[in-house]
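Novice: okay, predicted coordinates and the sequence, questions at the end:
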Amino acid sequence: MIASLPPGLLLIVAALAIPVLPDALRRAWTVVVPAAGLWALIALEPGTYLGFAWFGAEFVPVRVDKLSLIFGYVFHIAAIVGAIYALHVRDTVQHVAGMMYAGSGIGAVFAGDLVTLFVYWEAMAITSVFLIWARGGETAYRSGMRYLIVQIVSGVLLLSGAILLAEQTGSIAFDRMALGDLATWLILLAFGIKCAFPFLHNWLPDAYPEATVTGAVFLSAFTTKAAVYALARGFPGTEMLIYVGAAMTAFPIFYAVIENDLRRTLAYSLNSQLGFMVVGVGIGTPMALNGAVGHAFVSTLYMALLFMSMGAVLYRAGTIEGSELGGLHKSMPFTTVFCIVGAASISAFPLFSGFIAKSLTLSAAAYGGYAVAWLTLTFASAGVIHHSGMKIPYFAFFSRDSGKRCKEAPLNMLIAMGTAAFLCIALGVWSPALYSILPHDVDYEPYTPSHVIGQLQLLAFAALAFAVLIRYRIYPAAIRSTNLDFDWTYRRGIPALIGVVWPALWSAWQGFLSALAGGLRAGIGAAIRLAGPEATLARTWPLGSTTLWVAVLLGGFLLIYYL
Amino acid sequence: MADTERPGPAGESARGPDRSAGATRLFWAAIVVCAVLAPLDFFYHKHAELGFSGSFGFYGWYGFVCCGLAGLAARELGRLLKRDEDYYDR
């Protein structure tokens, strides 16, 4: 029965039952349903399912191939881990939203046509925003609203592009596209928004840190990775993406350094990670695509792990500001260890999951001769120390003792973090587990002396630089603040511009109106002087002169007629 | 914006090197690890995918410089971009 439902839809439908289930059953339900979905997915044969024609368009609600499967697997795993992490939460809205959101993400990666993709695309936006609003308060509400607007715009662009494309090609199939006309640009822009391309990225560091403790874990997993999937499906080998992706890996690092909210630091870190995947898609060779997709797989797990560990800190210590934290390893030893595993994974430390995926993309960039991109990615690989690699664990758990003493995270959180940490290490140690499910055949050995020693040296010396900056107090001080990013343009810049321009426009309009009124008044006055009761034209004319004028007119008419 | 040092344990000076246990351990541990890893370049054949990446000590100096410069650049960026916490709420 389960297998006959499209992947993802199972979770969406099952989520509807959550509000009516008794408490104990509801807890089990949130974990068992995604597990059942995963089980059904493993049994699913590649192919297309449930296709139908409607209004002359071929709909393919389910397409199963290696590219969609790997995303399907990791989304299910993330949904299971996220649900375990959220077991203690009593807010039904979050459980429903979380499961529906996961279902929408899963549905999106199995969508075989652009319209189905659009439906899941918007469903992701609408379901996920409740994970932000559930935090409560004005800040979360406004941030969620901004998030929702951006996400919906992305969906509208996707639909517009899909309609234009259908006009041109007569097909709504979601396959590889050649970037060129308006339709494909609109679709790329839609993907780019959800993938947090530079200047389109602000919704990510804006909204994710405002979400609930458990909501941020779900958010970190689905939307952006679904966008990576969409790029890998639609635009592999689009060279522009190499440079967009390279920029994405680098610039969030600077923001991560000065950010005090550690979950916002993680959001920038996630943004940087997405850059690696975008570069991989841009290069487009089988090896690079494997790198991008493999990276998406492992990154979903370690980003979730990092968000879980910081969520646990927020939950127990009551704050996630770097300036308020420090020394928590005494209170939360397990969370500390799990966070370090996540940090080692994202840093691509050998034997951790990031290493086996990131190496693929870096090697692909090198083999393709993209030296600048390679140097940028290597810069970002060193810069990871500045956000998740060392900053997060150092500021939260070590650093100087904040004096905070709290309880260790609840058992369900520890189990969820432990599961994710186990997967991060297992994948890193046993690379064939990941390589066998990648979309293309892999002929690659990550554990060569060159790779391992090179990476260790890179990280060690980057860590040394971090330690020197900390020791000599050069590292930007942890202070509570707001850091301006591109969102300033639409949160302050444009409103301010409107504040200046609108009064100017208004007074210009007023001036125009009064000039118009003056002109009209003068015109009417002149007409009255000319044709009013006392005016020249209103006089009674003598018969003789009238006849003369008529004769002149007729003569003129005759002349023109003969000419 | 002034560098407001967060208050440490009582009596600790905000000047000079940060001698808190965490920072000190981190510093010396990093030095030891780097000292062990750097000479390894003598002992194995580098499979350089790009020519310059096989040069001696490339990963070491590149990692150090990148991370150091990123920290310094971010510090300057912070001066430029940091606003009060309630900047957008006013």
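Specialist: Sure, I can see it.
Novice: so where do the helices sit in the stretch 351-500 of chain A?
Specialist: Along the stretch 351-500 of chain A, the segments classed as helices by DSSP state H, counting those that start in this stretch run A:353-367, A:371-383, A:391-397, A:411-429, A:432-435, A:449-471, A:488, A:494-531.
Novice: in the fourth one, what's buried?
Specialist: This means helix A:411-429. Within helix A:411-429, the residues that qualify as buried are A:412-414, A:416-421, A:423-424, A:427-428, counting by 16 or more other C-beta atoms under 10 Å in any protein chain shown. All C-beta spots, glycine's among them, are computed from the backbone N, C-alpha and C.
Novice: among the helices of the stretch 351-500 of chain A, which gets the worst mean confidence?
Specialist: With a mean of 84, helix A:488 has the lowest mean pLDDT of the helices of the stretch 351-500 of chain A.
Novice: and chain B, is it touching that?
Specialist: No: figure legend: helix A:488 not in contact with chain B (C-beta under 8 Å from any C-beta of the partner chain); closest approach 8.8 Å.
Novice: picking that back up, distance to chain B added to the buried residues of helix A:411-429, as CSV?
Specialist: Shown next, in CSV, are the buried residues of helix A:411-429 (distance: C-beta to the nearest C-beta, whole Å):
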residue, distance to chain B
A:412, 30
A:413, 24
A:414, 24
A:416, 27
A:417, 22
A:418, 25
A:419, 29
A:420, 25
A:421, 22
A:423, 26
A:424, 21
A:427, 23
A:428, 19
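Novice: now the longest helix belonging to chain B, how far from the centre of its chain.
Specialist: Using DSSP state H to define each element, chain B has its longest helix at helix B:58-81. Put simply, helix B:58-81 sits 7 Å off its chain's centre (C-alpha atoms, centre = their mean, to the nearest Å).
Novice: list the buried ones in that helix?
Specialist: B:58-60, B:62-64, B:66-68, B:70-72, B:74-75, B:77-78, B:81.
Novice: wait, a strand at residue A:329?
Specialist: No: per DSSP: H, G, I helix; E, B strand; the rest coil, residue A:329 lies outside any strand segment and is coil.
Novice: from chain B, how far out is it?
Specialist: Using C-beta to the nearest C-beta, to the nearest Å, one gets 9 Å for the distance from residue A:329 to chain B.
Novice: with residue A:557 instead?
Specialist: On the measure of C-beta to the nearest C-beta, residue A:557 and chain B end up 76 Å apart.
Novice: and that residue, what does it touch?
Specialist: By C-beta atoms under 8 Å, 6 or more residues apart in numbering or on different chains, the contact list for residue A:557 is empty.
Novice: burial of the closest residue to chain B within the stretch 1-150 of chain A, as a residue count?
Specialist: Of all residues in the stretch 1-150 of chain A, residue A:139 sits closest to chain B, at 7.5 Å by C-beta to the nearest C-beta. Other residues near residue A:139 come to 14 when the count uses other C-beta atoms under 10 Å in any protein chain shown.
Novice: near residue B:86, how many other residues are there?
Specialist: Counted with other C-beta under 10 Å, residue B:86 comes out at 11.
Novice: how far away is it from residue A:482?
Specialist: Noted for residue B:86: a distance of 8 Å to residue A:482, by C-beta to C-beta, to the nearest Å.
Novice: now residue A:444
Specialist: According to C-beta to C-beta, residue A:444 stands 43 Å off from residue A:482.
Novice: excluding sequence neighbours, find me the nearest residue to residue A:115.
Specialist: The shortest distance from residue A:115 to any non-neighbouring residue, by C-beta to C-beta, 6 or more residues apart in numbering or on different chains, is to residue A:172 (5.4 Å).
Novice: pretty sure that neighbour contacts residue A:113?
Specialist: Yes: with contact defined as C-beta atoms under 8 Å, residue A:172 reaches residue A:113; the gap is 4.6 Å.
Novice: which residues are common contacts for those two?
Specialist: Common neighbours of residue A:172 and residue A:113 (C-beta under 8 Å, 6+ apart) are A:57-59.
Novice: quick one: buried ones out of these?
Specialist: Counted by 16+ other C-beta under 10 Å, the shared contacts of residue A:172 and residue A:113 give A:57, A:59 as buried.
Novice: just the shared contacts of residue A:172 and residue A:113: which are in strands?
Specialist: A:57-59 (DSSP state E).
Novice: can I get the shared contacts of residue A:172 and residue A:113 in JSON lines including pLDDT?
Specialist: As requested, these are exported to JSON lines (pLDDT from 0 to 100):
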{"residue": "A:57", "pLDDT": "84"}
{"residue": "A:58", "pLDDT": "87"}
{"residue": "A:59", "pLDDT": "90"}
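Novice: need the shared contacts of residue A:172 and residue A:113 in JSON lines (columns: distance to chain B).
Specialist: Shown next, in JSON lines, are those (distance: C-beta to the nearest C-beta, whole Å):
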{"residue": "A:57", "distance to chain B": "44"}
{"residue": "A:58", "distance to chain B": "43"}
{"residue": "A:59", "distance to chain B": "43"}
